[in-house]
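[1] mind folding the following:
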Amino acid sequence: MSGKNELTRTDTDELTAVERGHTPDAPRAAIPAVDIFEDASAITLLADMPGVSRDRLDVRVDGDTLTIEGAAEIAAKEGMRALWAEVNVPRFRRMFTLSRELDTGRIEASMKDGVLSLRIPKQAEAQPRRIAVQAG
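    The predicted structure follows:
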(Lines give C-alpha, C1' and ligand atoms only; values in the text may rest on other atoms or scores of the structure.)
Protein backbone atom coordinates (compact mmCIF):
# COMPACT_ATOMS: atom_id res chain seq x y z
CA MET A 1 0.00 0.00 0.00
CA SER A 2 1.00 3.58 -0.34
CA GLY A 3 1.79 4.09 3.33
CA LYS A 4 -1.39 6.09 3.93
CA ASN A 5 -2.88 3.21 5.92
CA GLU A 6 -6.02 2.87 3.79
CA LEU A 7 -6.98 -0.45 5.38
CA THR A 8 -5.96 -1.66 8.81
CA ARG A 9 -6.39 -5.06 10.38
CA THR A 10 -8.27 -4.96 13.64
CA ASP A 11 -7.73 -8.60 14.47
CA THR A 12 -4.61 -10.14 16.00
CA ASP A 13 -3.72 -13.37 17.72
CA GLU A 14 -4.35 -11.61 21.04
CA LEU A 15 -8.04 -10.91 20.37
CA THR A 16 -10.39 -11.51 23.23
CA ALA A 17 -13.18 -14.07 22.90
CA VAL A 18 -15.75 -11.32 22.44
CA GLU A 19 -13.71 -9.66 19.66
CA ARG A 20 -13.43 -13.01 17.86
CA GLY A 21 -17.20 -13.32 18.00
CA HIS A 22 -17.05 -16.13 20.56
CA THR A 23 -19.50 -15.31 23.29
CA PRO A 24 -21.95 -17.55 25.13
CA ASP A 25 -24.52 -16.50 22.51
CA ALA A 26 -22.28 -16.81 19.42
CA PRO A 27 -20.09 -19.67 18.22
CA ARG A 28 -16.34 -19.30 17.76
CA ALA A 29 -15.29 -17.82 14.41
CA ALA A 30 -12.22 -18.53 12.28
CA ILE A 31 -10.26 -15.63 10.80
CA PRO A 32 -10.20 -15.95 7.00
CA ALA A 33 -6.88 -15.47 5.20
CA VAL A 34 -6.92 -12.18 3.29
CA ASP A 35 -4.79 -10.69 0.51
CA ILE A 36 -4.97 -6.92 -0.05
CA PHE A 37 -3.89 -5.14 -3.24
CA GLU A 38 -3.82 -1.45 -4.09
CA ASP A 39 -3.82 0.44 -7.36
CA ALA A 40 -4.27 4.14 -8.09
CA SER A 41 -8.06 4.01 -7.87
CA ALA A 42 -8.97 1.32 -5.31
CA ILE A 43 -8.11 -1.28 -2.72
CA THR A 44 -8.95 -4.90 -3.59
CA LEU A 45 -9.42 -7.39 -0.77
CA LEU A 46 -9.55 -11.17 -1.38
CA ALA A 47 -10.76 -13.30 1.54
CA ASP A 48 -10.59 -17.11 1.57
CA MET A 49 -13.90 -18.41 2.92
CA PRO A 50 -14.19 -22.08 1.86
CA GLY A 51 -17.67 -23.53 2.05
CA VAL A 52 -19.37 -20.13 2.36
CA SER A 53 -22.05 -19.48 -0.24
CA ARG A 54 -23.22 -16.02 -1.25
CA ASP A 55 -26.48 -16.40 0.67
CA ARG A 56 -24.60 -17.29 3.89
CA LEU A 57 -22.28 -14.27 3.64
CA ASP A 58 -22.66 -10.92 5.40
CA VAL A 59 -20.48 -7.96 4.36
CA ARG A 60 -21.25 -4.61 5.99
CA VAL A 61 -19.75 -1.22 6.70
CA ASP A 62 -20.60 0.60 9.91
CA GLY A 63 -18.85 3.96 10.13
CA ASP A 64 -15.23 3.19 9.30
CA THR A 65 -15.44 -0.54 10.15
CA LEU A 66 -15.73 -3.20 7.44
CA THR A 67 -17.02 -6.54 8.77
CA ILE A 68 -16.96 -9.79 6.82
CA GLU A 69 -18.87 -12.76 8.24
CA GLY A 70 -19.87 -16.05 6.69
CA ALA A 71 -21.13 -19.47 7.67
CA ALA A 72 -19.59 -22.46 5.93
CA GLU A 73 -21.75 -25.32 4.89
CA ILE A 74 -19.84 -28.42 3.91
CA ALA A 75 -22.39 -31.04 3.01
CA ALA A 76 -21.52 -34.70 2.56
CA LYS A 77 -23.20 -36.65 -0.19
CA GLU A 78 -26.19 -38.74 0.77
CA GLY A 79 -25.17 -41.91 2.56
CA MET A 80 -21.69 -40.61 3.35
CA ARG A 81 -20.22 -39.13 6.49
CA ALA A 82 -17.11 -37.03 6.93
CA LEU A 83 -14.11 -38.88 8.34
CA TRP A 84 -11.88 -35.80 8.26
CA ALA A 85 -12.63 -32.11 7.81
CA GLU A 86 -10.03 -29.34 7.52
CA VAL A 87 -12.67 -26.70 8.22
CA ASN A 88 -13.66 -27.37 11.82
CA VAL A 89 -15.04 -23.91 12.61
CA PRO A 90 -18.06 -23.37 10.37
CA ARG A 91 -18.06 -19.59 10.82
CA PHE A 92 -15.66 -16.93 9.53
CA ARG A 93 -15.34 -13.36 10.81
CA ARG A 94 -12.89 -10.54 10.11
CA MET A 95 -12.98 -6.78 10.70
CA PHE A 96 -11.00 -3.93 9.15
CA THR A 97 -10.81 -0.21 9.85
CA LEU A 98 -11.22 1.77 6.63
CA SER A 99 -9.52 5.05 5.83
CA ARG A 100 -11.66 8.09 5.11
CA GLU A 101 -9.90 8.16 1.72
CA LEU A 102 -12.01 5.16 0.66
CA ASP A 103 -15.49 5.52 -0.84
CA THR A 104 -17.51 2.98 1.17
CA GLY A 105 -20.68 3.84 -0.75
CA ARG A 106 -19.26 2.29 -3.93
CA ILE A 107 -17.87 -1.04 -2.64
CA GLU A 108 -18.24 -3.89 -5.15
CA ALA A 109 -18.39 -7.47 -3.87
CA SER A 110 -18.37 -10.85 -5.58
CA MET A 111 -17.96 -14.45 -4.45
CA LYS A 112 -16.45 -17.24 -6.54
CA ASP A 113 -15.04 -20.64 -5.54
CA GLY A 114 -14.93 -19.75 -1.84
CA VAL A 115 -13.08 -16.46 -2.38
CA LEU A 116 -14.77 -13.17 -1.52
CA SER A 117 -13.53 -10.25 -3.62
CA LEU A 118 -14.16 -6.69 -2.46
CA ARG A 119 -13.15 -3.67 -4.50
CA ILE A 120 -13.18 -0.50 -2.42
CA PRO A 121 -12.71 2.62 -4.58
CA LYS A 122 -10.75 5.60 -3.34
CA GLN A 123 -12.49 8.96 -3.01
CA ALA A 124 -11.89 11.11 -6.09
CA GLU A 125 -9.86 13.55 -3.96
CA ALA A 126 -7.52 10.74 -2.87
CA GLN A 127 -6.75 9.50 -6.39
CA PRO A 128 -3.62 10.71 -8.12
CA ARG A 129 -4.20 13.21 -10.88
CA ARG A 130 -2.04 14.98 -13.42
CA ILE A 131 -1.74 18.76 -13.15
CA ALA A 132 -1.62 20.64 -16.45
CA VAL A 133 1.18 23.18 -16.57
CA GLN A 134 0.64 26.18 -18.80
CA ALA A 135 3.43 28.05 -20.54
CA GLY A 136 4.12 31.64 -19.90
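
[2] please look at residue 61 and residue 107 and confirm they touch.
    Yes - with contact defined as C-beta atoms under 8 Å, residue 61 counts as touching residue 107 (6.9 Å). C-beta here means a position set from N, CA and C on the backbone, and glycine is covered the same way.

[3] with neighbour numbers in mind, choose between these two.
    residue 107 (19 against 15; other C-beta atoms under 10 Å).

[4] grab the nearest non-local neighbour of the more buried one.
    Nearest in space to residue 107, with sequence neighbours left out and distances taken as C-beta to C-beta, 6 or more residues apart in numbering, is residue 120 at 5.2 Å.

[5] ok, the helix or strand that contains that neighbour: who's next to it in the sheet?
    Per DSSP states H and E: residue 120 is located in strand 115-121. Strand 115-121 has the following sheet partners, assigned by DSSP bridges: strand 42-48 (antiparallel), strand 108-112 (antiparallel).

[6] now the last one: buried residues?
    Read that as strand 108-112. For strand 108-112, burial by neighbour count (16 or more other C-beta atoms under 10 Å) applies to residue 111.

[7] quick one: mean pLDDT for that strand?
    Averaged over strand 108-112, pLDDT sits at 95.

[8] a markdown table for the strands paired with strand 115-121, including distance to residue 71?
    Compiled in a markdown table, the strands paired with strand 115-121 are given as follows (distance: least, C-beta to C-beta, whole Å):
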| stretch | distance to residue 71 |
| --- | --- |
| strand 42-48 | 14 |
| strand 108-112 | 13 |
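
[9] this protein: helices as residue ranges?
    Counting by DSSP state H, the chain has no helices at all.

[10] show me where it has strands.
    Assigned by DSSP state E, the chain shows strands spanning 7-9, 34-38, 42-48, 52-62, 65-72, 91-98, 108-112, 115-121.

[11] beta partners for the residue sitting nearest the centre point of the chain?
    Geometric centre of the chain, nearest residue: residue 68, 5.0 Å, by C-alpha atoms, centre = their mean. Taking DSSP bridges as the rule, residue 68 bridges to residue 59, residue 94.

[12] quick check: it touching residue 91?
    No - look at residue 68 against residue 91 with C-beta under 8 Å: they stay out of range, at 11.4 Å.
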